[in-house]
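Colleague: Return a 3D structure for these sequence lines:
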Amino acid sequence: MTTASPDQDSHALDGPIIGTFFRYLIPSMVGMLAMMSASLVDGIFIGNFVGIRALAAVNLLIPIMSILFGVGLMLSIGGSVRAGKYLGEKDTSAASAIFSKTLSSVLVYGTAVIVMGLVFESHLFRGLGADESLFPLMSEYYRILMPFLLAQLGTIVLYFFIRLDGFPSLTATALVVGAIINIALDYLFIFVFKWELAGAAWATGISQIIPFLVLLLYFFSKKRKLHYKLKQRNWSEVFKAAYNGLSEFINEISAGVITFIFNWMLIQRAGVEGVAAITVVNYLMMIGFMIFFSVGDTSQVMISQNFGAKNTQRIRHFLMLAGLSIGVVSLLVIFMLLSFSETLISLFLSDEGSAATIGLASSFVDYTWPVFLFVGINMLISGYLTAIHLAFQSAVVAVCRSLVLPAGLLIALYFFFNDNRFVIALPIAEGITFVIALVYFWRHRPTRAVALAK
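Modeller: From the prediction side, this is the model:
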């Protein structure tokens, strides 16, 4: 029998409900907020010391990154949920096998996609609809950053599996250290060395290697349950696991698609300033999204293992805690956006020539803040459905909230309004999805889901 690590004292299967939930949630939130703070600081340095055009250039690259990471997340989350079920069934050998196959698959995939992305760079930029005057800025950032993304893909896999194995503090430490280094390098490369957008790319790239190296310490622990072996059989299991992570793939890919639609509409209606404005709003909204992701991710760790152990009561209790946490966070985020939006937006933009962009960003916040009434619960239910291996239902919720409804409503409202009010498509889409998600949750509530799994 494997000896438990200190992080495993409150185990998902038999530890106290509240203590176990927050022992996993707090490190996850710390790590995610640290990672988000690094992105925010990137935006602040680029907006203030490089310029609005540079901020827009980085935003235009988001669809490429979304595709790259979408597959990585699909494999990682799908694989970790599958491993969680195995751990709940006390089958550590099967859990180690899916861990090994997921890590190998993601690294091979990442290498291939990064190489192709660099070879077909100009074609990708044109496909994004970017103005050719922005190509040099986009290329300056893109060429430096792309090779480093392999380490970030490896970090994604290790993050989900290491947390699953009961080492949440290690994963949080890795993300915090990476974020601190990113912020320090942003200051050094952009503010001190004046390397502009290249400096931002080098800072981000170098800081992505650090979490990967920290997470490698996991392999030196004698208390871990998961073991990596390159030689494996039944590689088709990777695709089965990937299907279970389909909703996360949809969420990530959809973010890129919606960003592409937004960028095209805003370039037509508000120019580069419009793209920069929505970029700043995205930074602000991502704070709340990251916290919701942490709550949902923690719930998946708890639920997947208890689903394997067929423990209905613990699943229900963990869901209740997650729902309460999301409610509190939603209220706090809405309060911050309504009370301090202009102050927060001004952090990203220098005073010179940015008044119009600040005004645009403030109007976008006014139209989009109701998103936070629904998005947290939608993400939680989608994650719950993934954790109990209902990939199709989870994917329906994901595709409704992140692609079909927002894209359709954006296009319809863009032609209906002659100003920027079309962005209200986002909260409307989340509200409609909320109803769909609740229906799915009621049909597959814990008591029924566990009973059907027996």
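Colleague: May I ask which helix or strand encompasses Phe278?
Modeller: Slight slip there: residue 278 is Ile, not Phe. According to DSSP states H and E, Ile278 maps onto helix 246-308.
Colleague: for Gln232, that is, sorry about that
Modeller: Going by DSSP H and E, Gln232 is not in any helix or strand.
Colleague: Count the neighbours of it for me.
Modeller: Neighbour count of Gln232, defined by other Cβ atoms under 10 Å: 16. Every residue, glycine included, has its C-beta placed from N, CA and C.
Colleague: quick one: buried residues of stretch 140-151?
Modeller: Buried positions in stretch 140-151, judged by neighbour count with 16 or more other Cβ atoms under 10 Å: 140-142, 144-146, 148-151.
Colleague: for stretch 408-422, same thing?
Modeller: 409-410, 413-414, 420, 422.
Colleague: Let me know the closest of the buried residues of stretch 140-151 to Phe293.
Modeller: Distance to Phe293, by Cβ to Cβ, is smallest for Leu149 among the buried residues of stretch 140-151, at 19.3 Å.
Colleague: So which of the buried residues of stretch 140-151 are in strands?
Modeller: Assigned to strands by DSSP state E, none of those qualify.
Colleague: Turn those into a markdown table, columns for distance to Phe293 and pLDDT.
Modeller: Formatted as a markdown table, the buried residues of stretch 140-151 follow (distance: Cβ to Cβ, whole Å; pLDDT from 0 to 100):
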| residue | distance to Phe293 | pLDDT |
| --- | --- | --- |
| Glu140 | 30 | 94 |
| Tyr141 | 25 | 94 |
| Tyr142 | 25 | 95 |
| Ile144 | 27 | 96 |
| Leu145 | 22 | 95 |
| Met146 | 24 | 95 |
| Phe148 | 22 | 95 |
| Leu149 | 19 | 93 |
| Leu150 | 22 | 95 |
| Ala151 | 20 | 95 |
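Colleague: for these, which one is nearest Ala184?
Modeller: Using Cβ to Cβ, Phe148 is the member of these that lies nearest Ala184, at 16.5 Å.
Colleague: so who does the closest one touch?
Modeller: Each residue near Phe148 by Cβ atoms under 8 Å, 6 or more residues apart in numbering is listed here: 204-206, 208-209.
Colleague: Among those, which ones are in strands?
Modeller: Those of the contacts of Phe148 lying in strands (DSSP E): none at all.
Colleague: Just among the residues you listed, which is most surrounded?
Modeller: Of the contacts of Phe148, with other Cβ under 10 Å as the count, Thr204 tops at 24 neighbours.
Colleague: That one reaches Phe45, doesn't it?
Modeller: No - at 10.7 Å, Thr204 does not count as touching Phe45 under the criterion of Cβ atoms under 8 Å.
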